[in-house]
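Trainee: Please find the sequence and the predicted model below.
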Amino acid sequence: QAQLVESGGGLVQAGGSLRLSCAASGRTFSSYHMGWFRQAPGKERLFVAAISWTGIRTYYADSVKGRFTISRDNAKNTVYLHMNSLKPEDTAVYYCATKPNTYPSNWFESAEADYWGQGTQVTVSS
């Protein structure tokens, strides 16, 4: 059974930084594209960042470009989201998701992942 487990969320002041981690198990996730989504209270889940299975291609939502960086370590089956210059509007539950590399690397546009994590809360205070 494939599983994604996020960690690294917490409470941080505006302007601060956090690093989220998503540890994958149960599959060879080195052949999967990986992504991060977030959902604020009362709002729909939105795309944040994605990385292709090779790690060569990365994609970001306009709202986080220049502040967030996605990376992966296939040897550790882990994907990271480095978040800098955090803003109160970044407050949300952050979810890790994955899609096999048989799909194009822009799979996140449909937000139809094969696997989702349980989410980790990020709260940014003003």
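Mentor: Right, received. Where do you want to start?
Trainee: Please give the element, helix or strand, for residue 20.
Mentor: Per DSSP states H and E, residue 20 falls inside strand 18-25.
Trainee: can you give me the offset of that strand from its chain's centre?
Mentor: Its chain's average C-alpha position is 8 Å from that of strand 18-25, according to CA atoms, centre = their mean, to the nearest Å.
Trainee: quick one: contacts for the most centrally placed residue in the chain?
Mentor: In the chain, the centroid-proximal residue (CA atoms, centre = their mean) is residue 36; its distance is 2.1 Å. Contacts for residue 36 (CB atoms under 8 Å, 6 or more residues apart in numbering) come out as 20, 22, 48, 49, 50, 70, 79, 81, 94, 95, 96, 97. For glycine as for every other residue, the C-beta is placed from the backbone atoms N, C-alpha and C.
Trainee: count of neighbours near the fifth one?
Mentor: A count of neighbours around residue 50, defined by other CB atoms under 10 Å, yields 25.
Trainee: And for it, nearest residue in space, chain neighbours not counted?
Mentor: residue 35 (3.7 Å; CB to CB, 6 or more residues apart in numbering).
Trainee: Strands along the protein, start to end?
Mentor: Secondary structure of the chain, counting by DSSP state E: strands at 3-7, 10-13, 18-25, 32-39, 45-51, 58-60, 68-73, 78-83, 92-100, 115-116, 120-125.
Trainee: The first one pairs with which strands?
Mentor: So that's strand 3-7. Paired strands of strand 3-7, with direction, are strand 18-25 (antiparallel) (DSSP bridges).
Trainee: Then the shortest one?
Mentor: Using DSSP bridges, the neighbouring strands of strand 115-116 in the sheet come out as strand 92-100 (antiparallel).
Trainee: now the angle from the strand it pairs with to strand 45-51?
Mentor: Per axes from the mean of the first three to the mean of the last three CA atoms, to 10 degrees, the angle that strand 92-100 makes with strand 45-51 is 50 degrees.
Trainee: Now do the buried residues in strand 92-100.
Mentor: By neighbour count on 16 or more other CB atoms under 10 Å, the buried set for strand 92-100 is 92, 93, 94, 95, 96, 97, 98, 99.
Trainee: Having no further points to raise, I will conclude here.
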